[in-house]
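Task: produce atomic coordinates for the following.
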Amino acid sequence: MNKFIYVATPYSTNADAALMLQRANDTAWYVGNLMHKHREYFFYSPVVYFRQIALECDLPHTREFWWGVNKYALDRANEIWVLKMDGWDESDGVKEEIEYARSINLPIKFINLEDTSG
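Here you go, the predicted model:
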């Protein structure tokens, strides 16, 4: 694998439990499709990787709690890809990830959802 891609998606901003579940499921589906399409890249999504841990271990679902983990991953990523799924442009977490990526000169790619399918 020749690139570590951080995948930014909305999760908890303006969301109840049902919407957070839908966003997590949608994120997993889109990331899975990206993995099929770009086998040479490693895709990292904090929503996909840590949601179940948060549920099982009764950890917060807030961006404030997870920011240290996300920042650590962004510092090591080659690029950040922002999936333009419903709510991406209103998400406080996605805004924070983009702002931080810009501050460290990390390339940012905005992905339309139709570009993730097989």
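
quick one: contacts for the nearest residue to residue 97 once chain neighbours are set aside?
Distances taken as CB to CB, 6 or more residues apart in numbering place residue 8 nearest to residue 97, at 4.5 Å, with adjacent residues excluded. Quick note: C-beta positions are derived from backbone N, CA and C, even for glycine. Counting by CB atoms under 8 Å, 6 or more residues apart in numbering, residue 8 makes contact with 80, 81, 82, 83, 88, 93, 94, 97, 98.

Contacts only, for the fifth one.
With contacts defined as CB under 8 Å, 6+ apart, residue 88 is in contact with 8, 9, 10, 82, 94.

now these: which count as buried?
Those of the contacts of residue 88 that meet the buried threshold are 8, 9, 10, 82, 94, by 16 or more other CB atoms under 10 Å.

Of those residues, which belong to strands?
Secondary structure from DSSP state E places 8, 82 of the buried ones among the contacts of residue 88 in strands.

The buried ones among the contacts of residue 88: which two are farthest apart?
Using CB to CB, the pair of those lying farthest apart is 10 and 82, separated by 9.8 Å.

Find residues that contact each of those two.
Common contacts of residue 10 and residue 82, defined by CB under 8 Å, 6+ apart, comprise 88, 94.

any idea how far the worst-scoring helix or strand of the chain on mean pLDDT is from the chain center?
Lowest by mean pLDDT, DSSP states H and E among the helices and strands of the chain is helix 46-56, with a mean of 85. Centroid separation for helix 46-56 versus its chain: 12 Å, with CA atoms, centre = their mean, to the nearest Å.
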